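K.L.:
Sharing a model prediction with you, sequence too.
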Amino acid sequence: MRLFTNILKEVKLGWRSHFFLLTVGLAMAYFLLMTFLLPEDLSTNIELVLLTENDELATMLQLDSSESQASLSIVNSREEMDSLMNGRFNSIGIIVKGSISSPSIELVFQGHEDAETKEFIKLFVATFLAGPDVEFTSERDIEYLHEIQSTSDKIPFNKSFLPIFLMFEAVMMGMIMVFAMVFSEKSQKTLHAYSVTPGKIWEYLGAKVILLALLGIVFTFILTPLVVGLGADYFILIIIVVVGSFLSTSVSLIVASFYKNLSQSMAAMLALTVVFTLPMLSYFSEGFSPWYLRILPTYPILFALKGAVFPEFSSSEISGLILVAIEAAAAFLIAVTTYKLRLRKG
């Protein structure tokens, strides 16, 4: 009953402190960011612009501008090539000169291409001039262990930030807010006054943990439907957010207990935030997942969020959350013990 009373008190204080308004505002801001500022696709496919100086070469290569693919544009003059390339940053020109017996090639680059791109174009041209009837086969059979995923089945780049934002705000929102709440109450001696009541320290701190978990759920249920609609696994998503918020809030309570005000704790708060966000390196570079990133509690949280938000692209591995939940419970017990010791020391 006292825990419920403390929760109501924290919710009222959070409402008066505009925590709920801030949560809604951040959710809408992130939605606008993903919708209007972040591109849906970052692919930089090279577009080739081909010019043949005589009809015989075009016939030999079996070129038809009406049937050319989107990545290959066929032009009829150098002026048309220059005009087309000026409007397309990733285009490269190929001019085929000479006769059928001894053709020569001129490559027209934009000037920003690296050496690897230039070598790739040279290889492409050599293969292209071998003729359309030439087939390149391998002597070895190729066995595909996984089904090749088409580019259309990939998560859009702008929406791929959704798990990141959920971890930032829904999970780690407690860090900044806990520091602000704890230091505000320290200046008012709230905890000392509470210690002379029948209430328990774990009820006092537990109410803060539950408040921030509620804020995380509010943030999640605003931003996620706006981005992916009803396609997410919301039941699993709630579990991940609650467990993650429980952990980050408990850790923040421990760290905040060692400082007197917000300015003194700023360096520790920033360091903690940086460490907890390091798994983003593995999120954007899937082949990079060293042990020192995998041992961080936010690593399984981030990838579990990805699986819950995009269940059609990746499975939601929540087995790792069991360890995170144990760590969160241990962190909360340490926080309760720490605050008890601080009260005894005065």
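P.N.:
Great, that's in hand.

K.L.:
residue ranges with poor pLDDT in the stretch 151-300 of the chain?
P.N.:
The model of the stretch 151-300 of the chain has pLDDT under 70 over residues 151-153, 171, 174.

K.L.:
so where do the helices sit in it?
P.N.:
Here the stretch 151-300 of the chain has its helices, by DSSP state H, counting those that start in this stretch, at 162-165, 173-187, 190-195, 201-228, 234-256, 262-277, 280-284, 291-294, 298-309.

K.L.:
Tabulate those (TSV), appending distance to L3.
P.N.:
Every C-beta, even on glycine, is put in place using the N, C-alpha and C of the backbone. As requested, the helices of the stretch 151-300 of the chain are exported to TSV (distance: least, C-beta to C-beta, whole Å):
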stretch	distance to L3
helix 162-165	30
helix 173-187	17
helix 190-195	13
helix 201-228	5
helix 234-256	15
helix 262-277	27
helix 280-284	35
helix 291-294	35
helix 298-309	25
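
K.L.:
Any stretches of the stretch 1-150 of the chain with poor pLDDT?
P.N.:
Short version for the stretch 1-150 of the chain, where the test is pLDDT under 70: 42-44, 55-70, 100, 128-150.

K.L.:
ok now do V227, which residues does it touch?
P.N.:
F31, M34, K159, L162 (C-beta atoms under 8 Å, 6 or more residues apart in numbering).

K.L.:
For these, pick the one with the most neighbours.
P.N.:
L162 (25 neighbours; other C-beta atoms under 10 Å).

K.L.:
P225 is in contact with that one, correct?
P.N.:
No. L162 is beyond contact range of P225, at 11.0 Å (criterion: C-beta atoms under 8 Å).

K.L.:
returning to that earlier point: to I92, which of the helices of the stretch 151-300 of the chain lies closest?
P.N.:
helix 280-284 (27.7 Å; C-beta to C-beta).

K.L.:
what's the single longest strand in this structure?
P.N.:
strand 91-98 (DSSP state E).

K.L.:
Let's check: the centremost residue of this protein is which one?
P.N.:
Geometric centre of the chain, nearest residue: F161, 3.5 Å, by C-alpha atoms, centre = their mean.

K.L.:
got the contact list for the closest residue in space to that one that isn't next to it in sequence?
P.N.:
Excluding its sequence neighbours, the residue lying closest to F161 (C-beta to C-beta, 6 or more residues apart in numbering) is M34, at 5.8 Å. By C-beta under 8 Å, 6+ apart, the residues touching M34 are N158, K159, F161, L162, F165, V227.

K.L.:
would you turn the residues you listed into CSV with distance to S252?
P.N.:
CSV is the format used below for the contacts of M34 (distance: C-beta to C-beta, whole Å):
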residue, distance to S252
N158, 30
K159, 29
F161, 24
L162, 23
F165, 19
V227, 27
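
K.L.:
Just give me the closest of those residues to I201.
P.N.:
F165 (32.9 Å).

K.L.:
Any idea how many residues pack against the closest one?
P.N.:
22.

K.L.:
In contact with the residue lying closest to it once chain neighbours are set aside, which residues?
P.N.:
Spatially, and ignoring its direct neighbours in sequence, F165 is nearest to Y30 (4.7 Å; C-beta to C-beta, 6+ apart). Counting by C-beta under 8 Å, 6+ apart, Y30 touches F165, E169, L223.

K.L.:
Report the separation between the nearest residue to the second one once chain neighbours are set aside and E40.
P.N.:
When you say that, I think you mean E169. Nearest non-adjacent residue to E169, counting by C-beta to C-beta, 6+ apart: F219, 5.1 Å away. Going from F219 to E40 by C-beta to C-beta, to the nearest Å gives 23 Å.

K.L.:
wait, which of the helices of the stretch 151-300 of the chain is closest to G320?
P.N.:
helix 298-309 (3.1 Å).

K.L.:
Tell me the secondary structure at the residue of the chain positioned farthest from its centre.
P.N.:
Relative to the centre of the chain, the most outlying C-alpha is that of S101, 53.6 Å out, by C-alpha atoms, centre = their mean. Under DSSP: H, G, I helix; E, B strand; the rest coil, S101 falls in the coil class.

K.L.:
for the one 5 residues further on, same thing?
P.N.:
Per three-state DSSP, the local secondary structure of E106 is strand.

K.L.:
doesn't I95 make contact with R78?
P.N.:
Yes. When contacts are counted by C-beta under 8 Å, R78 is listed as touching I95 (7.4 Å).

K.L.:
who's more crowded, the two?
P.N.:
Taking neighbours as other C-beta under 10 Å, R78 and I95 compare with I95 leading, 17 against 14.

K.L.:
okay, now the closest residue in space to that one that isn't next to it in sequence: neighbour count?
P.N.:
Nearest residue to I95 in three dimensions, chain neighbours excluded: E106, at 4.1 Å (C-beta to C-beta, 6+ apart). Neighbours of E106 under the rule other C-beta under 10 Å: 12.
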